[in-house]
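Participant: prediction below, plus the sequence it came from.
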Amino acid sequence: MSIFKSPTPSAKFLAYHFGGWLIFSLVNVFSLGLQSQNHTDKIVINIIIVGFTTGISTLLTREIIYRFSLFDKNGYQQWIGFLLAAIPLGGIGAYIATGFGYLYYIFVGYEIPSSFWEVVVSNWFYLTILIFIWSFIYLTLVNQEQLRKAEHDATQLKLQLNEVKMSALMGQLNPHFLFNGLNNIRGLILEDTDKSRDMLTNLSDLLRYTLMAHKHKTVSLRDELEIVCQYIELLKIQYEDRLSFTLEVNEDLMGERIPPLLIQLLAENAVRHGIEKCKQGGELVVKITKEDNHMVITVINPGTLIRESTKESGNTGLGLINIQKRLTIQYGDKTYFGIEQQGSQVVARCHIPSSPLQLVV
């Protein structure tokens with residue numbers, strides 16, 4: 001068990017720490033004009049003593065900062081803590097440094113420049129100032145690092161939260177999907193067994209796709225359109241001639257990525273709340289084009305857009321709200337979703353950015 005409260009400094013930290021203080025000591029020697037002395041060993045011993053004394057003193061200050069949790073104190077308490085640490089450490093460091101210097105001078109036979117205690121007091125003052133400034137800089141850097149880490153952690157938490165929201169939204173689509181499919185089968189199973197068997201096969205494929213899509217944030221446009229076509233075929237068994245389907249898409253766009261079940265849900269909404277309400281049925285049109293850096297998905301159906309329909313059917317409102325939320329979570333303000341009345345048709349339009357998907361935080 002370590003007796004120190006501060007994190008064990010890495011070799012890199014120690015190298016930069018003592019290297020920095022030795023450089024400071026070198027600059028200090030030149031600024032004081034000590035390089036003009038005839039004996040080079042005096043310059044070297046001065047650099048070494050000052051560098052290592054300040055280096056060790058500031059390391060001990062670092063230990064005091066952690067031991068007394070100065071990071072958690074307010075500004076006034078931190079200043080008091082720095083002073084209480086710097087004054088004794090400065091005195092001890094000055095005494096040791098001056099002592100080593102005098103011992104070296106005596107050992108080599110140099111003349112002692114002045115009174116020992118006068119030098120100690122002078123060095124005490126400067127070393128205390130250095131420790132105090134270093135403590136302030138160190139605390140500022142550590143606070144910035146902790147703030148950066150906190151922001152990083154907050155970003156990760158937001159990403160995880162958005163992923164959970166995405167899973168919840170996707171989870172809401174499954175019962176919606178299953179409910180409609182089973183209702184269709186129930187209506188046909190006594191009328192046409194073969195068709196109901198085909199419908200079950202299609203429904204099985206659709207459910208499998210839904211389960212797989214739930215594990216992915218995006219799917220290829222090709223996969224999505226294949227499942228949309230299967231879905232339309234399933235609906236045609238029920239609607240017969242009342243439903244026609246037109247798909248307009250450039251083959252070059254088939255590799256683009258989109259959120260799973262996006263077009264399927266738009267098509268489902270168009271049929272259930274548009275074509276189904278038209279006595280003569282109508283045509284469902286899905287157009288996919290490229291505009292600038294966005295893929296534009298347009299779904300057109302005959303009918304009347306009645307905002308109150310979201311009150312009439314919770315499924316409609318839930319589906320469209322889910323689309324909006326999913327797009328916002330996945331693309332932020334880089335996406336667009338809107339539905340409007342154009343003449344006798346209802347037009348839903350999505351803009352999907354072509355850039356790689358990144359969950360918005």
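Facilitator: Cool, the structure landed.
Participant: residue ranges for the strands of this structure, please.
Facilitator: 219-220, 243-249, 257-258, 282-291, 294-302, 336-342, 345-353 (DSSP state E).
Participant: Y231 is in contact with E268, correct?
Facilitator: Yes - using Cβ atoms under 8 Å, E268 is in contact with Y231, at 7.1 Å. The C-beta positions use only the backbone N, C-alpha and C, and glycine is treated the same way.
Participant: who's more crowded, those two?
Facilitator: Under the criterion of other Cβ atoms under 10 Å, the comparison of E268 against Y231 puts Y231 first, with 26 against 23.
Participant: what residues are up against the more buried one?
Facilitator: Y231 sits next to 202, 206, 264, 267-268 when contact means Cβ atoms under 8 Å, 6 or more residues apart in numbering.
Participant: just give me the closest of these to D333.
Facilitator: Q264 (24.9 Å; Cβ to Cβ).
Participant: ranges for the helices of the stretch 201-350 of the chain?
Facilitator: 221-239, 262-273, 309-312, 314-331 (DSSP state H, counting those that start in this stretch).
Participant: nearest to I133, of those?
Facilitator: helix 314-331 (47.3 Å).
Participant: any idea how far the closest residue to G338 other than its chain neighbours is from L221?
Facilitator: Excluding the flanking residues, the one nearest G338 by Cβ to Cβ, 6 or more residues apart in numbering is R349, at 5.6 Å. From R349 over to L221 the distance is 16 Å, taken as Cβ to Cβ, to the nearest Å.
Participant: what about the two, which has more around it?
Facilitator: It is L221, of R349 and L221, that has more neighbours when counted by other Cβ under 10 Å, with 22 against 16.
Participant: and the pLDDT at the more buried one?
Facilitator: Listed pLDDT for L221 reads 92.
Participant: residues in contact with it?
Facilitator: For L221, the contact set (Cβ under 8 Å, 6+ apart) comprises 249, 253-258, 288, 295.
Participant: isn't T304 right up against Q342?
Facilitator: No - if you go by Cβ under 8 Å, T304 and Q342 don't touch, sitting 11.3 Å apart.
Participant: so between these two, which is more surrounded?
Facilitator: Between T304 and Q342, T304 has the larger neighbour count (other Cβ under 10 Å), namely 13 against 9.
Participant: which residue sits closest to the more buried one, ignoring its sequence neighbours?
Facilitator: That would be Q341: by Cβ to Cβ, 6+ apart, it lies 6.8 Å from T304.
Participant: rounded mean pLDDT for the longest helix along the chain, please.
Facilitator: Longest helix of the chain, by residue count under DSSP state H: helix 116-188. Helix 116-188 shows a mean pLDDT of 77.
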